[in-house]
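Novice: Structure, please.
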Amino acid sequence: MKRIFFIILFGFCALFARNLEEIKSSNEIKIGVRTDFPPFSQIKDGEFTGFEVELAKAIGNKILDNKGKVVLVGVQAKDRIPMLKNDQIDLMVANFTMTDERKKAVDFSFPYLLDFMGILAPSNSHLNKLSSFNGKKLLVIPGTTSDEFLKDNKTKFKNIEVVSCENLYDCLTKLKNNEGDGYFHTVFSLANIAVIDNTFTITNKAVGHPDYIACGIKKGNSSLLNAVNNAIVELSKENFFTKAYDETFKIHYKGTIDKKYFLVDDIYRVFG
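Specialist: The predicted structure follows:
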């Protein structure tokens, strides 16, 4: 029976980017997953668990024809691009939103989830439209996907005061202290807060058009990219994503995010 090997954080450093043939020859693929982003991925009782953990294993095993080792490497959001560029990892399955700016640095696979922007606000605020925040303060973390979205859509936010916060905890603290009227981030991130604290709700679940969450690969590594895309299509045909929604997201988010906000499997039927 095959074993899955886990390496936490920076337990190694590869010397060069490995193409598909080299990965198969080594019987090992190194895949980055988040350490602290449930239900996508987290470390619990010393082991990785979550939707993207299972996805990483499934993709890795398909690439290796179930004959090698899938090495999971714990990463933080800021590590994803540097680790791919520095050849410390073969593949990122780490809640990696595909943006135009990031496409300049890495290649992305077919998407496997939609990634909407949303706004978290007090449940009794009735701020249920983006226009409701005109003249009010919106908390945003600089350098994040939500910050990129705001910069690319300045006209939508021209009447809203943007207030910077350092991380999720800092943003939530400022929101509780009335230093902001809403917290602007990805719906997946905000839903975790709404599940834990029902005094807050996602009042705007789909601001603008969605981005996509996909696997990240070092730029130019076309053989590995094609193999990852093929694996995603195969997994879709096997109903992997539908099953994952029912067993992971549906339970974790307790109905705060409807299935329509996820990438539907039908998108891959065009591949026959």
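
Novice: just to confirm, which helix or strand has residue 201 in it?
Specialist: Under the criterion DSSP states H and E, the helix or strand holding residue 201 is strand 200-218.

Novice: meant to ask about residue 241, not that
Specialist: Using DSSP H and E, the element containing residue 241 is helix 240-244.

Novice: Which helix runs longest in this structure?
Specialist: Longest helix of the chain, by residue count under DSSP state H: helix 222-237.

Novice: Hey, what's the angle from that helix to strand 200-218? Just curious.
Specialist: Angular relation of helix 222-237 and strand 200-218 on a 0 to 180 degree scale: 140 degrees, by axes from the mean of the first three to the mean of the last three Cα atoms, to 10 degrees.

Novice: quick revisit: buried stuff in the strand holding residue 201?
Specialist: Burial within strand 200-218, assessed by neighbour count using 16 or more other Cβ atoms under 10 Å, is assigned to 200-205, 207, 210-218. All C-beta spots, glycine's among them, are computed from the backbone N, C-alpha and C.

Novice: quick check: mean pLDDT across that strand?
Specialist: The predicted model assigns strand 200-218 a mean pLDDT of 87.

Novice: How about stretch 99-106?
Specialist: Stretch 99-106 shows a mean pLDDT of 92 in the predicted model.

Novice: distance between the ends of that stretch?
Specialist: The distance separating the two terminal residues of stretch 99-106, taken as Cα to Cα, to the nearest Å, comes to 10 Å.

Novice: Residue 54 contacts residue 241, correct?
Specialist: No. Counting by Cβ atoms under 8 Å, residue 241 is not a contact partner of residue 54; they are 10.6 Å apart.

Novice: which residues are contacting the longest helix of the chain?
Specialist: Surrounding helix 222-237, the residues in contact under the criterion Cβ atoms under 8 Å, 6 or more residues apart in numbering are 18-21, 23, 55, 58-59, 62-63, 90-91, 107, 109-110, 112, 215, 217, 241, 265, 267-268, 271.

Novice: Can you list the buried residues in that helix?
Specialist: Using 16+ other Cβ under 10 Å as the test for burial, helix 222-237 gives 224-225, 227-233, 235-236.

Novice: Backbone dihedrals for residue 247, please?
Specialist: As for residue 247, its main-chain torsions (degrees, to the nearest 10) stand at phi -90, psi -10.

Novice: what's the distance between it and residue 171?
Specialist: Separation of residue 247 from residue 171 (Cβ to Cβ, to the nearest Å) stands at 30 Å.

Novice: which regions of the stretch 51-200 of the chain lie under the pLDDT threshold?
Specialist: Flagging of the stretch 51-200 of the chain using pLDDT under 70 yields an empty set of residue ranges.

Novice: got the residue ranges for the helices in it?
Specialist: 51-63, 80-85, 100-103, 145-152, 168-176, 187-196 (DSSP state H, counting those that start in this stretch).

Novice: so which of those is the most packed in?
Specialist: Greatest average neighbour count among these goes to helix 51-63 (a mean of 23), per mean count of other Cβ atoms under 10 Å.

Novice: and that helix, what other elements does it pack with?
Specialist: Under the contact criterion of 3 or more Cβ pairs under 8 Å, 6 or more residues apart in numbering; DSSP states H and E, the helices and strands touching helix 51-63 comprise helix 20-26, strand 28-34, strand 41-44, strand 69-75, strand 91-98, helix 222-237, helix 240-244.
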